[in-house]
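Undergrad: coords please:
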Amino acid sequence: MKIAYQGIAGSYSESCAKEKYPNSETIPCKTFDECFEKASNDNSIKTLIPESNKTTGNIGVEYLIFKYRLNIYAEHFYSINHNLLAIKGSKLSDIKNVFSHAQALSQSSEFIKKNNFNENVRADTAGSAKYVSESKDKTKAAIASKLSAKIYNLEILKENIQDDKNNVTRFLVMGNEIYQPEIDNEKYITSLLFKLKSKPAALYSALSGFAINGVNMTKLSSYAEKNSFSSFFFLCDIEGHIENKKIKNSLEELGLHCEDMHVLGVYKSDKFREK
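TA: Next up, the predicted model:
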């Protein structure tokens, strides 16, 4: 299995891929767009995308989900444990500037403020670790994964510096081929995107089918279409398999109120949801 991820070796996306799919070949990409493009053009490649974080919310890939409409095969809730990394021989008291992705800096804000570090935003966490390693400057540190410390020969000055010790990111595994598991006794998530017809109370009417049929919705987010402030699409996750009768009935009702509706995938619910 080939998995494309955003970032360079040592990123949290690669760490998640290696934990969940230890025999996979990981492919680094500069941007999320490149991840989606690779998976869209090559059926042998899947992409692992961080979709949302427990602490800081949506990652911001919704427009790419809408653009490429890849099939979702799985979800994984992965613990994000941030670490302060510096060159060998550094001490915590040496550090003046800390480098990382904006989300990692935000998720570690209490630790940063406590130590009076200067924040420096960079494109990704692993890239920050590589930069600090190459700088050979004891006053610089990166917030990144333990895998990054190993790859870039850095010392971990402090482990688990994130504000929320239960910091978790939801990742989606996506690809071009459509696959739908057969319904059984497992718990499932059905994901879809839709665009409503322009009429009063359209969203209220569209969602009524879920209430009538007793379907639980775990996510509903709206996003403006590209170059528009008046046209929106919605991303929605619901509990249940699409072959379940109450799910079918709900989607049929939803379809009556939509200009566009696309099922993104049916996949097993991660066990993390049961905690």
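Undergrad: measure how far the helix or strand of the chain with the lowest mean pLDDT is from the centre of its chain, please.
TA: When the helices and strands of the chain are compared on mean pLDDT, DSSP states H and E, strand 57-58 comes out lowest with a mean of 87. When distances are taken as C-alpha atoms, centre = their mean, to the nearest Å, strand 57-58 is centred 8 Å away from the chain's centroid.
Undergrad: what of stretch 120-137?
TA: That offset, for stretch 120-137, works out to 22 Å (C-alpha atoms, centre = their mean).
Undergrad: buried residues in it?
TA: 122-133, 137 (16 or more other C-beta atoms under 10 Å). C-betas here are computed from N, CA, C, even on glycine.
Undergrad: then stretch 162-169?
TA: Gln162, Asn167, Val168, Thr169.
Undergrad: ok, the last one to Thr125 distance?
TA: This points to Thr169. 12 Å (C-beta to C-beta, to the nearest Å).
Undergrad: what sits against the residue nearest to Ala102 when sequence neighbours are not counted?
TA: If the residues on either side of it in the chain are set aside, Ala102 comes closest to Val121, at 5.0 Å by C-beta to C-beta, 6 or more residues apart in numbering. Under the criterion of C-beta atoms under 8 Å, 6 or more residues apart in numbering, the contact partners of Val121 comprise Ser100, His101, Ala102, Leu105.
Undergrad: identify the farthest-apart pair in those.
TA: Ser100 and Ala102 (7.9 Å; C-beta to C-beta).
Undergrad: who's more crowded, those two?
TA: Between Ser100 and Ala102, counted using other C-beta atoms under 10 Å, the more crowded position is Ser100 (30 against 12).
Undergrad: correct me, but that one touches Gly127?
TA: No - under the criterion of C-beta atoms under 8 Å, Ser100 makes no contact with Gly127, lying 9.1 Å away.
Undergrad: shared neighbours, these two?
TA: Joint contacts of Ser100 and Gly127 (C-beta under 8 Å, 6+ apart) do not exist.
Undergrad: any common contacting residues for Thr169 and Thr125?
TA: Tyr12.
Undergrad: let's check: the centremost residue of the chain is which one?
TA: For the chain, the residue nearest the mean C-alpha position is Pro50 (1.5 Å; C-alpha atoms, centre = their mean).
Undergrad: adjacent strands (with direction) for the strand or helix carrying that one?
TA: Taking DSSP states H and E as the definition, Pro50 sits inside strand 45-53. Paired neighbours of strand 45-53 in the sheet (DSSP bridges): strand 2-6 (parallel), strand 57-58 (antiparallel), strand 168-175 (antiparallel).
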